[in-house]
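> here is my input, please return the structure:
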Amino acid sequence: MADRPADEEGGRFYYKGNRLKQLRAFVYTTRLGTLSRAAEALFLSQPSVSLQLKALERELGTHLLERTRRRITLTDAGEALYELARPLVEGFENLDREFQSKTKGAQAGKLTVAAGSSTIQYLLPELVKTYRERFPHVHLALSNVTNRDGLALLRNDEVDIAVGSMIDVPHDIAWAPVYHYDPMLIMPPDHPLASKTDIRLEDLSPYGLILPPKRLTTYRLVDMVFQQRKVPYTVAIEVGGWDVIKQYVAMGLGISIVTGICITEADRERLVVKNLRQYFPQRSYGVVMRKGKFLSPEARAFIDLIRPGLLTHRDYDESGHSER
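Sure thing, here's the model as predicted:
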């Protein structure tokens, strides 16, 4: 039987020997949507990624990707390969971590989550409790940071994920909102507005507001709504921390517009709480991560506690704005 040509044998050996590189290029391109983003995430040139994709298609004998002007989409064959390739590539990406976990025990695992003060105080306690009960040997670190600092930590891979609220979502960040809270007007029980049934935005003008610092989202949203409706308002006290704001309101130092996430049953006993959703947008809280980052088993377990199967490539590859 005649031998195969040397170039055919060499070509097949070359491509199969580099199959992992091809699959990584394919998975990253699928997740990030463009060759340029995939190349940046893989620390390769765009032509190199393109060559690897073409070699993979030639080796498998089928088209995997449809190239449009805005982004790259999958063919039916590409969909099938992505389901097979993604766990393989993720497994390779996490090989070192898994090896350390197998050889040194479960205590080698670590999870770092970035979150703001309100998220850590009001949203995460039950999640953290459940996570610790199920994974007692994982070292869990919560970084208390602002939204901007949390994004910087994500981009530098200093944290695995972030949990919190977002308004504008950068193109390189994945955002999956889960919890939604209404805006609430809070005041002491003896306040003139406490007995009023239908509160209009104009009714707030005579009273001083107690708001978080200007650099934070709540202040900017409140200011935006008053400005858009051309309703005057006054900030009596600017102070950080929902608990401090609620305490000052209870003392009769002013009224405030807060996010429902911070309202507890104890608060409703000492404050009058009225929903202002007709004027102010809801705030959504959820999982934030860097696109193209493969999650560790510890991070996946934490996200599954929030909502099983929350982050699939269909859910979070698109950039844009949150629904608030």
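
> tell me which stretches of the stretch 201-324 of the chain form helices.
All helices of the stretch 201-324 of the chain, identified by DSSP state H, counting those that start in this stretch, fall at 217-228, 242-250, 265-270, 297-306, 313-316.

> mind checking which of these is nearest Leu154?
Smallest distance to Leu154 across the helices of the stretch 201-324 of the chain (Cβ to Cβ): 11.7 Å, for helix 297-306. For the C-beta atoms, the positions are set from N, CA and C on the backbone; glycine is no exception.

> report the buried residues of the closest one.
297-303, 306 (16 or more other Cβ atoms under 10 Å).

> can you give me how far that helix is from the chain middle?
How far helix 297-306 lies from its chain's middle: 13 Å, per Cα atoms, centre = their mean, to the nearest Å.

> for that helix, packing partners?
Secondary-structure packing of helix 297-306 (3 or more Cβ pairs under 8 Å, 6 or more residues apart in numbering; DSSP states H and E): helix 95-104, strand 110-115, helix 124-134, strand 161-165, strand 283-290.

> quick check: which helices or strands does the longest one pack against?
Using 3+ Cβ pairs under 8 Å, 6+ apart as the contact criterion, the neighbours of helix 124-134 among helices and strands are strand 139-144, helix 297-306.

> kindly recompute the last result at 6 Å.
Helices and strands touching helix 124-134, by 3 or more Cβ pairs under 6 Å, 6 or more residues apart in numbering; DSSP states H and E, are helix 297-306.

> redo the helices and strands packed on helix 297-306 as a markdown table? Include mean pLDDT.
Shown next, in a markdown table, are these (pLDDT from 0 to 100):
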| stretch | mean pLDDT |
| --- | --- |
| helix 95-104 | 61 |
| strand 110-115 | 93 |
| helix 124-134 | 94 |
| strand 161-165 | 93 |
| strand 283-290 | 92 |
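
> compare the ones you listed and give me the one nearest Glu40.
Each of the helices and strands packed on helix 297-306 has some distance to Glu40 by Cβ to Cβ; the shortest is strand 283-290, at 11.6 Å.

> ok, back up a step: pick the most deeply packed of the helices and strands packed on helix 297-306.
Mean neighbour count (mean count of other Cβ atoms under 10 Å) peaks for strand 161-165 among those, with a mean of 26.

> could you give the angle of it to helix 217-228?
Relative orientation of strand 161-165 versus helix 217-228 (axes from the mean of the first three to the mean of the last three Cα atoms, to 10 degrees): 40 degrees.

> so which residues make contact with strand 161-165?
Contacts to strand 161-165, defined as Cβ atoms under 6 Å, 6 or more residues apart in numbering, come from residues 113-116, 119, 150, 154, 283, 285, 287-289, 299.

> try 7 Å
Applying Cβ atoms under 7 Å, 6 or more residues apart in numbering, the contact partners of strand 161-165 are 113-116, 119, 124, 147, 150, 154, 217, 283-285, 287-289, 299, 303.

> cool, and stretch 295-303?
With Cβ under 7 Å, 6+ apart as the test, stretch 295-303 has contacts from 94, 97, 109-111, 113, 131, 135, 138, 160-161, 287, 310-311.

> can you check stretch 122-135 too?
Outside stretch 122-135, the residues that touch it by Cβ under 7 Å, 6+ apart are 115, 140, 163, 179, 261-262, 285, 301-302, 305-306.

> which of the residues you listed sit farthest apart?
Cys262 and Ala301 (27.2 Å).

> middle-most residue in the chain, spatially?
Nearest to the geometric centre of the chain sits Val288, at 1.2 Å (Cα atoms, centre = their mean).

> pLDDT value on Ala106, please?
Reported pLDDT at Ala106 in the predicted model: 45.

> give me the below-cutoff pLDDT ranges for the stretch 201-324 of the chain.
311-324 (pLDDT under 70).

> same thing but at 90, please
Counting by pLDDT under 90, the stretch 201-324 of the chain has low-confidence residues at 214-218, 220, 240, 289-298, 300, 307-324.

> before we move on, back to that, OK, contacts around the residue nearest to the centre of the chain?
Counting by Cβ under 7 Å, 6+ apart, Val288 has contacts 154, 161-162, 164, 166, 173-175.

> that one bridge partners, please.
When assigned by DSSP bridges, Val288 has beta-bridge partners Ala162, Trp175.

> look up how far Gln52 lies from it.
To Gln52, Val288 is 30 Å away according to Cβ to Cβ, to the nearest Å.

> ok, Leu20 next?
10 Å.

> and those two? which has more neighbours close in?
Applying other Cβ atoms under 10 Å to Leu20 and Gln52 shows that Gln52 carries more neighbours, namely 23 against 13.

> would you confirm that the more buried one contacts Arg24?
No. Taking Cβ atoms under 7 Å as the definition, Gln52 is not a contact partner of Arg24, at 8.2 Å.

> three-state assignment of Tyr28?
helix (DSSP: H, G, I helix; E, B strand; the rest coil).

> pull the contacting residues for it.
By Cβ under 7 Å, 6+ apart, the contact set of Tyr28 is 38, 41-42, 292.

> where does the nearest residue to Lys21 once chain neighbours are set aside sit: helix, strand or coil?
Distances taken as Cβ to Cβ, 6 or more residues apart in numbering place Gln52 nearest to Lys21, at 5.8 Å, with adjacent residues excluded. Using three-state DSSP, the structure places Gln52 in helix.
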